[in-house]
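> I need the structure of the sequence given here:
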Amino acid sequence: MKKFTVQKLNKRYNGSEWFQYRLKILPHTGGYQIYPERAKNFFEMRNYCWSIWGPSSELEMYGLDSDHDLTSNKWAWRYINYGIRADALESFIYIAGDEELALLTLKFG
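Predicted coordinates for the structure are as follows:
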């Protein structure tokens with residue numbers, strides 16, 4: 001089962017100054033789910049990125065560490081909850097380039 005869709009970033013998107021792609025994380029099982037079920041793929045991918053490329057941060061905080069002493073220059077994330085409905089959750093993994101995209105595609109398809 002596919003866990004994400006790829007969006008190539010340009011200046012219309014937040015994070016385009018640091019990253020080439022963002023991966024929109026898809027729901028774990030499809031359709032409406034309770035909040036923890038819907039977030040499972042995001043947490044799994046975020047934990048994997050953390051273990052491979054080291055610590056990073058939410059995109060809104062990423063630019064504050066311009067020297068990347070505390071954050072990885074390979075990835076960041078964004079987790080948005082617009083409300084209490086199960087479909088009000090959006091989550092993204094932002095990645096630096098083609099090499100990172102290839103690795104995540106191999107791992108998560």
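> how about the secondary structure of the spatially most central residue of the chain?
The structure's the chain has its C-alpha centroid closest to Ile93; by C-alpha atoms, centre = their mean the separation is 1.2 Å. Assigned state for Ile93: strand (three-state reduction, DSSP: H, G, I helix; E, B strand; the rest coil).
> could you pull up the contacting residues of the nearest residue to it once chain neighbours are set aside?
Nearest non-adjacent residue to Ile93, counting by C-beta to C-beta, 6 or more residues apart in numbering: Leu23, 4.5 Å away. Every residue, glycine included, has its C-beta placed from N, CA and C. When contacts are counted by C-beta atoms under 8 Å, 6 or more residues apart in numbering, Leu23 touches 4-7, 45, 92-95, 101, 104.
> quick check, nearest of these to Asp67?
Distances from Asp67 to these, taken as C-beta to C-beta, are shortest for Tyr94 (18.2 Å).
> bridged to the closest one, which residues?
Under DSSP bridges, the beta-bridge partners of Tyr94 are Arg22, Ala76.
> ok, back up a step: pLDDT value on the residue nearest to Ile93, please?
The model reports Leu23 with a pLDDT of 94.
> and stretch 56-75, end to end?
Start to finish, the residues bounding stretch 56-75 are 7 Å apart (C-alpha to C-alpha, to the nearest Å).
> in it, which residues are buried?
56-57, 59, 62, 71-72, 74-75 (16 or more other C-beta atoms under 10 Å).
> other SSEs contacting the top helix by length along the chain?
In the chain, with assignment by DSSP state H, the single longest helix is helix 35-53. The criterion is 3 or more C-beta pairs under 8 Å, 6 or more residues apart in numbering; DSSP states H and E, and the helices and strands that helix 35-53 contacts are strand 21-25, strand 75-81, strand 89-95, helix 98-108.
> picking up where we left off before, in helices, which of the buried residues of stretch 56-75 appear?
Under the assignment DSSP H, the buried residues of stretch 56-75 contribute 59, 62 to helices.
> which residues touch Trp75?
For Trp75, the contacting residues are 19, 49, 53, 56, 93-96, 100, taking C-beta under 8 Å, 6+ apart as the criterion.
> the strand or helix carrying Gln7 - contacts with which helices or strands?
If you go by DSSP states H and E, Gln7 is part of strand 4-8. Contacts of strand 4-8 with other secondary structure elements, assessed using 3+ C-beta pairs under 8 Å, 6+ apart, are made with strand 21-25, helix 98-108.
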